[in-house]
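In: have a look; sequence and predicted model below, questions after that.
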2 protein chains.
Amino acid sequence: MSESSDYCGFFEGTEKLLEVWFGNENDHYHNDCDLRKIPRSAWESILKLVKCEIISFKKNDAIDAYVLSESSMFVSKNRFILKTCGSTTLLRCIEPLLYVAKEIAGFDEVLDVYYSRKNFMRPQLQEKPHTAFEDEVEVLESYFEDGAAYCMGRVNRDCWYLFTLNPLTPAKVIEIPDQTLEVIMQNLDPKVMKIFTREACSTAKEATTKSGIDKIFPNVTIDDFLFKPCGYSMNGIMKGGYYMTIHVTPEPHCSYVSFETNFPQNSYHDVVMRLLRIFKPGKFIMTLFANENSVASESLQEYRNVKFHGYSKKELQICHLKNYDMTYGLFAKAPS
Amino acid sequence: MSESSDYCGFFEGTEKLLEVWFGNENDHYHNDCDLRKIPRSAWESILKLVKCEIISFKKNDAIDAYVLSESSMFVSKNRFILKTCGSTTLLRCIEPLLYVAKEIAGFDEVLDVYYSRKNFMRPQLQEKPHTAFEDEVEVLESYFEDGAAYCMGRVNRDCWYLFTLNPLTPAKVIEIPDQTLEVIMQNLDPKVMKIFTREACSTAKEATTKSGIDKIFPNVTIDDFLFKPCGYSMNGIMKGGYYMTIHVTPEPHCSYVSFETNFPQNSYHDVVMRLLRIFKPGKFIMTLFANENSVASESLQEYRNVKFHGYSKKELQICHLKNYDMTYGLFAKAPS
């Protein structure tokens, strides 16, 4: 009884995140290829397999942004991003995705793949293969050759898993400047979390403004959603194909907030400090990918000595991948 | 039949490596404490639990060095190192070790612990808990609080596991300059491996000289052993408590050579190049630990751009631990 009542109200905020870059062997600039040719009905079928659905949509000339019942999806010309939380079955999208990317969008090769997630709070509530990273890797390896699987952080506590392509002789790499910052926050301030409930705010816009999410970056087209009775998602799209996305699981015993952006910065220190002031997490992990041509590749150097006021650094790891460098950090509130 | 004949002659060269630093709460310089007070009979009992035995012994004023039937043991005033290969059960030494360190040597606290190993070639041939790193971690956690477990490299291919103490509020750290380089080589040149057989050499000394192992460092007191029909171990001890140790499993289908030293160097590039010229591995991993006071802490910076002639870098990860920095690299022979 106590266990079943404990399970009531639990929500796994921890997202599974897939990013796939496509190419065309005969058309290096793939002028005729575009993932945005894929019709909404096809996405709806694919998302049904993943056990989520589209609840809102915004676009600009570079990116299509979908708010989902469980997190978000971003579709650009040759990059696909799907982020889903709860007990969704994200990896089931791969087979149909590769199919529509070829048959409808015209892409016949995969340039790069990133599948990542933090360790689940309750892995036993996931559906297979998501109950264990090694099982997820087995599925990923059945679709993608030359996959490399990593575990950053502590295998026995907070950690972050990554599967990516890392062929022994890297043929093709993503040459355009690219960077992704993700900040995953847990043990958040209950007063802040309260904002993301229908009790405290009657609209998503109210939660966005009250929390300060609208001030993280300037000139963002925001698509936000406040769930009933609680929970919050937002996509923000910017010029140049840049995006940001935030998902909030406010329940006190399983609070979780994720922030992700590909907006380029020389240093992400100020962005992270803005997030910490807004959400006041007890702990957070930060991952940063930057390729050789990214302005953020300089900031990777800075992380060795990075300090976030009020927080202490518990873990720091740097991983060199093909043409990307990746930093993983775990930070916890310093005792006051 | 084909499987059983395949198993014949297989030897798991991959070592389990444990390093424990001891302290005394009431006697910071632990003048009266010394692990070398522990009598040989006690070590023999402990090693029996691990399923190996002492076959040779050399000492100087700073370190006792034992060649074992499966690898090596080094005992200094307050540091214990045990490295065992095959299907030995290394973790069974912990309980009696803590006991004799307290009752005989006078140490009442553990300052630091490092348990590490590469992924086994055939984990199914190990005894529990060594069949899986997570099971080893469970055992280690039962003895040591605040343990952090890491997996460097690819979870699904070549990787290297580490368990160490990483308390949230580090109380005590090892302040004397300390560094450990380990180079684990696989797929070695069969012609070189031949040296480490009784067919090619009649004495250990002959194998040591013929291979060039005697030229790796100057002024080393060497204790070497050539097994029948093949296999080789050597311990080298130097002034100041520095040691080196090499273990060779020469069988062509499971060739494995490990090198380990705590000898301080500003850069280990030349040492590693000497090893590569001697052993000609198809691939190798290199791990380097260096604490803040070590001269080797500078060399960690250099690894981002490190190059070993004839080899290409496949993986590079840097992990910041308490007052130690750790680098993991995987290198493979470049196609000629």
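Out: Alright, I've got the coordinates.
In: point out the other helices and strands that the strand or helix carrying A:Lys83 packs with.
Out: A:Lys83 is located in strand A:79-84, with elements delineated by DSSP states H and E. Contacts defined by 3 or more Cβ pairs under 8 Å, 6 or more residues apart in numbering or on different chains; DSSP states H and E place strand A:79-84 against strand A:16-23, strand A:71-76, strand A:243-249. All C-beta atoms are positioned from the backbone trio N, CA, C, and that covers glycine.
In: want to try a markdown table for these, with mean pLDDT as columns?
Out: Conversion of the helices and strands packed on strand A:79-84 to a markdown table gives the following (pLDDT from 0 to 100):
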| stretch | mean pLDDT |
| --- | --- |
| strand A:16-23 | 97 |
| strand A:71-76 | 98 |
| strand A:243-249 | 98 |
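In: looking at the ones you listed, which is closest to B:Gln317?
Out: Counting by Cβ to Cβ, B:Gln317 lies closest to strand A:16-23 out of those; the figure is 20.7 Å.
In: let's have the helices and strands packed on strand A:79-84 in TSV, adding mean neighbour count and distance to A:Met273.
Out: Rendered in TSV, the data for the helices and strands packed on strand A:79-84 read as follows (neighbours: other Cβ atoms under 10 Å in any protein chain shown; distance: least, Cβ to Cβ, whole Å):
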stretch	mean neighbour count	distance to A:Met273
strand A:16-23	23	23
strand A:71-76	23	24
strand A:243-249	25	16
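In: and chain B, which of these is closest to it?
Out: Across the helices and strands packed on strand A:79-84, chain B has its closest neighbour in strand A:16-23 (16.6 Å, Cβ to the nearest Cβ).
In: which helix or strand lies directly C-terminal to the closest one?
Out: Next in sequence after strand A:16-23, counting helices and strands by DSSP H and E, comes helix A:40-50.
In: that next one relative to strand A:79-84, how many degrees between them?
Out: In terms of direction (axes from the mean of the first three to the mean of the last three Cα atoms, to 10 degrees), helix A:40-50 departs from strand A:79-84 by 40 degrees.
In: buried stuff in the helix or strand following helix A:40-50?
Out: The first helix or strand that comes after helix A:40-50 along the chain, using DSSP H and E, is strand A:54-59. When burial is assessed from 16 or more other Cβ atoms under 10 Å in any protein chain shown, strand A:54-59 yields the following buried residues: A:Ser56.
In: can you pull the residues of the stretch 201-336 of chain A lying near chain B?
Out: Within the stretch 201-336 of chain A, the positions adjacent to chain B are A:Arg304, A:Lys313, A:Lys314, A:Glu315, A:Leu316, A:Gln317, A:Ile318, A:Cys319, A:His320, A:Ala332 by Cβ under 8 Å from any Cβ of the partner chain.
In: same list, those residues, but as CSV with secondary structure, neighbour count and pLDDT please.
Out: Written out in CSV, the entries for these read as follows (DSSP: H, G, I helix; E, B strand; the rest coil; neighbours: other Cβ atoms under 10 Å in any protein chain shown; pLDDT from 0 to 100):
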residue, secondary structure, neighbour count, pLDDT
A:Arg304, helix, 14, 72
A:Lys313, strand, 17, 90
A:Lys314, strand, 19, 90
A:Glu315, strand, 23, 90
A:Leu316, strand, 22, 92
A:Gln317, strand, 25, 94
A:Ile318, strand, 22, 91
A:Cys319, strand, 24, 92
A:His320, strand, 18, 88
A:Ala332, strand, 18, 95
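In: distance to A:Asn187 for those - can I get that in a markdown table?
Out: Supplementary listing: those in a markdown table, determined by distance: Cβ to Cβ, whole Å:
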| residue | distance to A:Asn187 |
| --- | --- |
| A:Arg304 | 25 |
| A:Lys313 | 17 |
| A:Lys314 | 13 |
| A:Glu315 | 16 |
| A:Leu316 | 20 |
| A:Gln317 | 21 |
| A:Ile318 | 25 |
| A:Cys319 | 26 |
| A:His320 | 31 |
| A:Ala332 | 9 |
